[in-house]
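Visitor: only geometry, no sequence info:
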DNA sequence: GGGCGCGCTAAGCGAGCGCTCACCCTTGCC
DNA sequence: GGCAAGGGTGAGCGCTCGCTTAGCGCGCCC
């Protein structure tokens, strides 16, 4: 599996596990291109060009253009699950863990916006088999967040009627960051993460949430 | 055909203003196709086929494939502005108007998911001029929601630190409904609208929000 | 009732697509 | 030095794309 050099917040080398160096450069170029123009509008010539290689070089490392997207999507989703799982299994109250889950998840979507865009918005471009595999990872993402919220409800710290609907809304809020976040905009990923953590605590009716209590 | 799906959202005649009948049929076919596969993955032959016409017929009513997207995007954004403006200018407290704005906006995204998908996610497929025009409409959307929140803050009914950031989050939450909503899923557009209105009132710290008080 | 214009189609153009293939370099092992 | 192996390239295949053009049928006005 992955090396244990993981620390919260900092993605050291996101694509370090892609082993032949040329394959990693191609994958990185594909992430950029897919995020910028979308999967279908990206040509294999464009990907190879960004990686400084000829169009044919792509097919030495990947069978098809779709395999590139599949690999990107799988690695990205695994990273998402890992981020949420780390926050969910940390110590602290459900409110603290939910805040940490949301803020780190948002930081990932804002800071690695190119990757997150591909991961979250190009799912439909995958074939049926690949999509089915990725949907399994998405269910894990949902389960981690739902778990924290359920715990908070059980302990009385949260006040939520529709747990599944609220889980969906929380994830939806985080994921949509990848659509609108602008690196040149006025907010840093950290600021958005903090704002969103506060908003989510309010959504679940966490005792002590909001600025009025300070 | 699929015109029946529009009835749930109570949109009377969504594309009534598109005047030559064949042009409207082509536009409707394009909305379906763009929503299903994305703009770049949709062929002009597919659009014409869905409308029951030959590929060349498209170019009698539209100069290019992009003009179709532009028209759809403009009409859709105008509808979005209209929905929010109606709610913003209604009578009632800021909380009541914000709840109505969110629930009707969400109902539109869920009930007319095909249209909303194209409107919200295919903006980047437009050329620079068309995109600039649409971005103007988006600023109006933002201004309507921000206006309600500012009013609630001024009157003391809401408790919000970052008005612009919260506005962004509220709109983001509504818009992302178009990504995940499933017509065959367990929730109706009305249910999602009601849930989201409640969540948003909690986000702005509205006095009296949340189920505990009900 | 003949000419005209409108809405539409069949056929096809040039371009660019995903992908393949024959061949060329380097590298490392004997 | 001989040579196999594998990463890389230039050229190009078959195909489909967005879009164009020549022409057809038919309602309408004089």
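Guide: Right, received. Where do you want to start? Because the structure is predicted, anything quoted here is derived from the model rather than measured.
Visitor: Do me a favour and get the end-to-end distance for stretch A:121-134?
Guide: One end of stretch A:121-134 sits 12 Å from the other (C-alpha to C-alpha, to the nearest Å).
Visitor: quick one: is that stretch near DNA strand D?
Guide: No: using C-beta under 7 Å from any atom of the strand, stretch A:121-134 stays clear of DNA strand D, with a minimum separation of 14.9 Å. Just so you know, the C-beta spots here come from the backbone N, C-alpha and C atoms, and that holds for glycine as well.
Visitor: So which bits of chain A are right by DNA strand C?
Guide: A:42-46, A:55-56, A:59, A:63-66.
Visitor: Which members of the residues you listed are positioned in helices?
Guide: Assigned to helices by DSSP state H, the following of the residues of chain A next to DNA strand C qualify: A:44-46, A:59, A:65-66.
Visitor: dump the residue contacts of residue A:36.
Guide: Contacts for residue A:36 (C-beta atoms under 8 Å, 6 or more residues apart in numbering or on different chains) come out as A:42, A:114.
Visitor: Please identify the buried residues of the host helix or strand of it?
Guide: Assigned by DSSP states H and E, residue A:36 falls within helix A:21-37. Residues of helix A:21-37 classed as buried by neighbour count (16 or more other C-beta atoms under 10 Å in any protein chain shown): A:23-35.
Visitor: Can you tell me how far the residue nearest the centre of chain A is from DNA strand D?
Guide: Taking C-alpha atoms, centre = their mean, the centroid of chain A lies closest to residue A:80, which sits 4.4 Å from it. Look at residue A:80 and DNA strand D: by C-beta to the nearest atom of the strand, to the nearest Å, they are 29 Å apart.
Visitor: One more: residue A:91?
Guide: Taking C-beta to the nearest atom of the strand, one finds residue A:91 at 45 Å from DNA strand D.
Visitor: From the contact counts, what lies against the helix or strand the residue nearest to the centre of chain A falls within?
Guide: For residue A:80, the host element (DSSP H and E) is helix A:65-88. If contacts are counted by 3 or more C-beta pairs under 8 Å, 6 or more residues apart in numbering or on different chains; DSSP states H and E, helix A:65-88 sits against helix A:21-37, helix A:44-50, helix A:94-111, helix A:113-121, helix A:128-154.
Visitor: quick check: angle from the helix holding residue A:36 to helix A:113-121?
Guide: Using axes from the mean of the first three to the mean of the last three C-alpha atoms, to 10 degrees, the inter-axis angle of helix A:21-37 relative to helix A:113-121 is 70 degrees.
Visitor: If you compare the directions of helix A:21-37 and helix A:65-88, what angle comes out?
Guide: 90 degrees.
Visitor: How about the residues of chain A by chain B?
Guide: On the criterion C-beta under 8 Å from any C-beta of the partner chain, chain B has as its neighbours in chain A the residues A:37-38, A:40-41, A:121, A:124-125, A:159, A:161-162, A:165-166, A:168-169, A:172-173, A:175-177, A:179-180, A:187, A:192, A:195-196, A:198-199, A:202-203, A:205, A:210-212.
Visitor: Buried subset of these, written for ChimeraX?
Guide: Of the residues of chain A next to chain B, the buried ones can be selected in ChimeraX as follows, counting by 16+ other C-beta under 10 Å:
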select /A:38,40,41,121,125,162,165,166,168,169,172,173,175,176,177,179,187,192,195,196,198,199,202,203,205,210
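Visitor: and chain A, what are its domains?
Guide: A:17-62, A:66-203 (automatic domain parsing).
Visitor: Identify the residue nearest the residue nearest to the centre of chain A in space, chain neighbours excluded?
Guide: Excluding the flanking residues, the one nearest residue A:80 by C-beta to C-beta, 6 or more residues apart in numbering or on different chains is residue A:141, at 5.6 Å.
Visitor: Also residue A:54?
Guide: Nearest residue to residue A:54, sequence neighbours excluded (C-beta to C-beta, 6+ apart): residue A:48, at 6.1 Å.
Visitor: neighbours around the one you found, how many?
Guide: Number of residues near residue A:48 (other C-beta atoms under 10 Å in any protein chain shown) recorded here: 20.
Visitor: ok, now residue A:154?
Guide: Residue A:154, neighbours per other C-beta under 10 Å, totals 10.
Visitor: now swap in the one 3 residues further on and tell me
Guide: As a burial measure, residue A:157 scores 20 neighbours (other C-beta under 10 Å).
Visitor: Poorly predicted segments of chain A, please.
Guide: A:1-13, A:208-214 (pLDDT under 70).
Visitor: For it, which residues are neighbours of DNA strand D?
Guide: A:20, A:22, A:48, A:52-57, A:60-61.
Visitor: Just among these, which is most surrounded?
Guide: residue A:48 (20 neighbours).
Visitor: State the distance from that residue to chain B.
Guide: Residue A:48 is 19 Å from chain B, where distance means C-beta to the nearest C-beta, to the nearest Å.
Visitor: again with residue A:53
Guide: As for residue A:53, its distance to chain B is 24 Å (criterion: C-beta to the nearest C-beta).
Visitor: List the contacts of residue A:42.
Guide: If you count contacts by C-beta under 8 Å, 6+ apart, residue A:42 has them with A:30, A:33-34, A:36, A:65.
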